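Asker: I'd like to go over a predicted model; first the sequence, then the structure.
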Amino acid sequence: MDSAIKLKYDKGLPERKIKPGPYPIVGSSGIVGYHSEYLVKGPTIIIGSKR
C-alpha cells in the first residue's frame, strides 16, 4: 500500500546555535524565534514539537 504522505523527523536547533536572522523557528506553540538560515526546504508542512 502506498502512503499519501511521507513523515520525517528531522533535526532540531539547539538554543546555543541560534543566530538571529529572517527565518522563523517553529515550535509546538508557533513561531518561537528567528534564525539566520533555514533548515527545511519547502514547500512543506512543518509540525513543531517541544523546544
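Answerer: Good, I have the coordinates.
Asker: can you give me the helices in the chain?
Answerer: With DSSP state H as the criterion, the chain has no helices.
Asker: So, low pLDDT: which residues of it?
Answerer: 1-2, 49-51 (pLDDT under 70).
Asker: spatially speaking, which residue is in the middle of it?
Answerer: Centroid-nearest residue in the chain: V26, 5.3 Å away (criterion: C-alpha atoms, centre = their mean).
Asker: Quick check: bridge partners of that one?
Answerer: Under DSSP bridges, the beta-bridge partners of V26 are I31.
Asker: I'd assumed G33 was in contact with it.
Answerer: No. Using C-beta atoms under 8 Å as the test, V26 is too far from G33 to be in contact (9.4 Å). C-beta coordinates here come from the backbone N, C-alpha and C atoms, glycine included.
Asker: ok, G33 - contacts?
Answerer: 18, 24-25 (C-beta atoms under 8 Å, 6 or more residues apart in numbering).
Asker: let's go with 10 Å and repeat that
Answerer: Counting by C-beta atoms under 10 Å, 6 or more residues apart in numbering, G33 makes contact with 13, 15, 18, 20-21, 23-27, 51.
Asker: Would you mind measuring from L13 to I46?
Answerer: 12 Å (C-beta to C-beta, to the nearest Å).
Asker: Spell out which residues are contacts of both of the two.
Answerer: Common neighbours of L13 and I46 (C-beta under 10 Å, 6+ apart) are 26, 39.
Asker: Looking at these two, which one has more neighbours?
Answerer: L13 (17 against 11; other C-beta atoms under 10 Å).
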